[in-house]
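Asker: Can you look at this prediction? I've put the sequence above it.
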Amino acid sequence: MEFLDPALGPIWKKVKAGERLGFDDGVTLLRSPDLSGVGRMADHVRRKRHGNIAYYVYNQHVNYTNVCSNRCTFCAFATDEGCRDAYTWSIDEVKERLKERGDEPVREIHMVGGLNESLGFDYFTGLLKAIAEVRPGATIKAFTAVEIDYLSKLSGLSLSETVLALKKAGLAMMPGGGAEVMSQRVHGALFPKKIGKERWLEVMETVHQAGIPSNATLLYGHIETLEERVAHLLTLRDLQDKTGGFSAFIPLAFHSKNTELSHLPPTGGVDDLKTIAAARLILDNFDHIKAYWVMIGEKMAQVALSFGADDLDGTIIEERITHTAGATSKKGLTRGEMVRLVTSAGFEPVERDSFYNHVG
Ligand code: V47
């Protein structure tokens, strides 16, 4: 492979030989002016693993409350109890939302919310059981590690007992959020009340040990450095070596509207693509890299399929977190639109379930 940036040559040698990339390699990839060179290496690895396939899932998002005591500065979704926009759905209201889509072949319910101190542990187990009852054919992918940590305090149970109680009620998978960027500096500046790196890793390890797979994310494009992004990826790779419980990695592009960081510009397309490509190259033990169309837009997500991504997430239906922060993408896509996005990008669309089994 020919590169405009000579610094990519030694990395390509390692990639071809199946050798692991290190911290300096990661920083070189993210700093490189040769977007196409970084992308071609990531595409090589992606095609070896997944050929021409690009995945999507028929899913529905449920955000049961936006009341949250953590109040991270990057979040436009969270609010305080009693505020004009505050809401908390009862279990019956959640059931109604699911029934509204009852005639659609939803295979995954993606459910996250805030740390709402007015809800008891029974609400959460009741919610899982109610969803399993209304949607017996769908996988419940719910609660970030931040919520799981909170629920273990609320229940008075140990972390592993809490996870087992949630599993018994229907929790089958967990989304990736909550770690944001595993850097003490960024934690102190943007989300001081949220659990830190060590606890996030402990929760994920416990969840994986309980036989529940999860995803992992990185919130990028705010105040983090490129070095902090790479360190975050390497920490995820280390835990994956230990547990094998991560399914997909999803870079989340920061949206600043209606947040305390509204002065920050949106991420650029080059940064979005390089972050996806670098993740594919560094995370050699992750099967799936998702291009989350909600955050980077449908068009960029299509291009990302040639820069290391093999998954576009799904139909979503009513995304709230990023749209409150100014996302201009649609709030959901139809199955036909997902298929068109994939095929017109030159890939073969495969509908999947939460565990990447081919369906449909
Ligand atoms: O942890 C919050 C992020 C995450 C903003 O696992 C923001 O399949 C950008 O985890 N701009 C929650 N991002 C969402 C999440 C997720 C999303 C899609 C798929 C999966 C999966 C997981 O949303 C939070 C935080 O990092 N977030 N506010 C914002 N203003």
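Answerer: Right, received. Where do you want to start?

Asker: in the stretch 101-250 of the chain, which spans are strands?
Answerer: Under the criterion DSSP state E, counting those that start in this stretch, strands of the stretch 101-250 of the chain are mapped to 108-111, 139-142, 214-220, 246-253.

Asker: starting at the chain centroid, how far to the third one?
Answerer: With CA atoms, centre = their mean, to the nearest Å as the basis, strand 214-220 stands 5 Å off its chain's centre.

Asker: Give me the angle between it and strand 246-253.
Answerer: Inter-element angle recorded for strand 214-220 and strand 246-253: 20 degrees (by axes from the mean of the first three to the mean of the last three CA atoms, to 10 degrees).

Asker: would CSV of the strands of the stretch 101-250 of the chain with mean neighbour count, distance to Asn66 and mean pLDDT be doable?
Answerer: (C-beta placed from N, C-alpha, C; glycine too.) Below are these laid out as CSV (neighbours: other CB atoms under 10 Å; distance: least, CB to CB, whole Å; pLDDT from 0 to 100):
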stretch, mean neighbour count, distance to Asn66, mean pLDDT
strand 108-111, 24, 13, 98
strand 139-142, 24, 16, 98
strand 214-220, 24, 18, 98
strand 246-253, 24, 18, 98
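
Asker: In a markdown table, list these along with distance to Arg335.
Answerer: Listed next are the strands of the stretch 101-250 of the chain as a markdown table, based on distance: least, CB to CB, whole Å:
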| stretch | distance to Arg335 |
| --- | --- |
| strand 108-111 | 13 |
| strand 139-142 | 17 |
| strand 214-220 | 22 |
| strand 246-253 | 20 |
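
Asker: Report the contact partners of the closest residue to the ligand within the chain.
Answerer: Nearest to the ligand in the chain, going by CB to the nearest ligand atom, is Gly177, at a distance of 2.3 Å. Gly177 sits next to 112, 144, 146, 217, 252 when contact means CB atoms under 8 Å, 6 or more residues apart in numbering.

Asker: redo that, cut-off 7 Å
Answerer: Shown in contact with Gly177 (CB atoms under 7 Å, 6 or more residues apart in numbering): 112, 144, 217.

Asker: which of these lies closest to Lys194?
Answerer: Minimum distance to Lys194 across these is 9.7 Å, recorded for Thr144 (CB to CB).

Asker: Pull the number of nearby residues for that closest one.
Answerer: 24 (other CB atoms under 10 Å).

Asker: switch to numbering from 226
Answerer: Let's use 226 as the start, then, which means that last one is Thr369.

Asker: Report pLDDT for the residue nearest to it when sequence neighbours are not counted.
Answerer: Distances taken as CB to CB, 6 or more residues apart in numbering place Gly403 nearest to Thr369, at 3.6 Å, with adjacent residues excluded. On pLDDT, Gly403 comes in at 97.

Asker: What about the ligand: which of the contacts of Gly402 touch it?
Answerer: Filtering the contacts of Gly402 for proximity to the ligand by CB under 6 Å from any ligand atom leaves 337, 369, 442.

Asker: Could you check how far stretch 308-317 is from the centre of its chain?
Answerer: 24 Å.

Asker: Let me know the pLDDT of Lys273.
Answerer: In this prediction, Lys273 carries a pLDDT score of 98.
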